[in-house]
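Enquirer: Requesting a structural model of the entry that follows:
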Amino acid sequence: MATASNVQRVRIYLRRDDQWQGGVRYLALLEALRRRGATGATALQGLAGFGPGQRASPTLVEPPEPQRPVVIEWIDRAERVARLLPMLDDLIGDALVTVEEVPVYRALLRAPGPFAADRSAGDVMRRPAPSVTPDTPLALAATTMGSEGLTALPVCDAGDRLIGMLTSQDLAFRAGLRLPLPLLALLGPAEREAVLAPLAGRPTSSVMRSELHSVSAGTTIPQAIVTLVEWGYSHVPVTDRDGRLVGLIGQHEILHAAVAQADADAAGAGAVRDADRPTSAALVMQAASVTLPADAPLATALVQLLAAPEQTVLVLAGERIVGTLDAAAALHGLQGAERAAFLAALNEPRPPRADLPGAGRPLSELQQPGPPEIAPDASLIAVARHLLDARIDRIAVVDAERKLLGIIGRGALIRALLQQTE
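Expert: Numbers count the residues shown, from 1 in each chain. Now for the predicted structure:
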């Protein structure tokens, strides 16, 4: 029995000899649909027919073959039809186009993609959005970024209009604050004062950048991801039509939207199944990661930690993960002069200092449990669920024997989801 579904049939009525840019129009339309990700379409040739310009044609009963009618029939998910059909307007020209809902008994269609076509940045954004003014003390702005987990903080005027951004790169290279901002919350009052001393007396305006990298509330989620990827941010501001800040969209909101859409698709699948095999974790993971043997000296581990891009290293026994070492764990575990030396090294330009503590001591003194693990054939949505549920930034991909194969971080996962977007 046929069931209701979110599937449509598009028919485009042409003549076989209709031309487009030196070629045959119906073939150009089929190729355009294929390149843009349509599930499938077929060109059907009619034996005879007429259109509004052929009512008096003497060849109506059996027209010459080049003038015979051709109908392109395209069946697809409604959201894909809504997205692709406007892109074909120039190519279709004045041809008759019909769109109708199609009850489905059984269908194998291209997956709808990880993001709903009718959801925008404004639907999923974080609100209210943290922000500062140009006059906000720079030290306070940096502290806000650390406590809010931001790498970019919106700067607004008195009317909440976005006028600039303060980024962690600005703080590092224009103000000398290279310490990872989330670590500020782990410092004592005296330590924090010393670290923030170069910022004392300076307003946010002395460091902020005036380029406005933002998206509007109506921007689609994939378009927002493009902005994040292009500018290397983990969050971007969302503004209304008047340029006022209304929210933030970042990695957490994007992953949450993808998981919610996957749940909605699964609940409403019915007779329609996905033709695509889900992209697996193995195809997205980063094979290279910073690792240390479990028996490495602590001093060596700290040098490696400071040199690591995300200041996190995996601790291995053979090829299996037995723990991690990150800057927060090191700060927590070190005391006195050793903590002071490591803190100073965190806030210095790379390469890391050679006079770090821990000579002759084992790495296990500061080692923390390893990250969650996932199988290489797990789907990207399964990876997203793990990252969100555990509130972590990356997950380890391991084989059946728990040997490390690679790492997937939030940024790489979001880029992979973007590639799956139609």
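
Enquirer: so Leu417 is in which element?
Expert: Here Leu417, judged by DSSP states H and E, is contained in helix 410-420.

Enquirer: Just the C-alpha atoms of that helix, please, in PDB.
Expert: Output in PDB follows, covering the C-alpha atoms of helix 410-420 (Å, rounded to 0.1, in the frame of the first residue of the first chain):
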ATOM      1  CA  ARG A 410      34.800  18.600  16.400                       C
ATOM      2  CA  GLY A 411      36.300  20.800  13.700                       C
ATOM      3  CA  ALA A 412      37.100  17.800  11.400                       C
ATOM      4  CA  LEU A 413      33.700  16.300  12.100                       C
ATOM      5  CA  ILE A 414      31.800  19.500  11.100                       C
ATOM      6  CA  ARG A 415      33.800  19.800   7.900                       C
ATOM      7  CA  ALA A 416      32.900  16.200   7.000                       C
ATOM      8  CA  LEU A 417      29.200  17.000   7.700                       C
ATOM      9  CA  LEU A 418      29.400  20.000   5.500                       C
ATOM     10  CA  GLN A 419      30.700  17.800   2.700                       C
ATOM     11  CA  GLN A 420      27.600  15.600   3.100                       C
END
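
Enquirer: Show me what that helix is packed up against.
Expert: With contacts taken as 3 or more Cβ pairs under 8 Å, 6 or more residues apart in numbering; DSSP states H and E, helix 410-420 sits against helix 221-231, helix 251-267, helix 380-390. Any C-beta I mention is one placed from the backbone N, CA and C, and that applies to glycine too.

Enquirer: Helix 251-267 and that helix, what's the angle between them?
Expert: Computed with axes from the mean of the first three to the mean of the last three Cα atoms, to 10 degrees, the direction of helix 410-420 lies at 40 degrees from that of helix 251-267.

Enquirer: For the stretch 151-300 of the chain, which segments are assigned as strands?
Expert: Listed in chain order, the strands of the stretch 151-300 of the chain (DSSP state E, counting those that start in this stretch) span 152-156, 162-167, 215-216, 235-239, 245-250, 272-274, 291-293.

Enquirer: Could you figure out how far the helix holding Leu417 is turned away from helix 221-231?
Expert: Compare the direction of helix 410-420 with that of helix 221-231 by the same axes, to 10 degrees and you get 130 degrees.

Enquirer: Any buried residues in helix 410-420, and which?
Expert: Neighbour-count burial for helix 410-420, with 16 or more other Cβ atoms under 10 Å as criterion, is recorded at 410-414, 416-418, 420.
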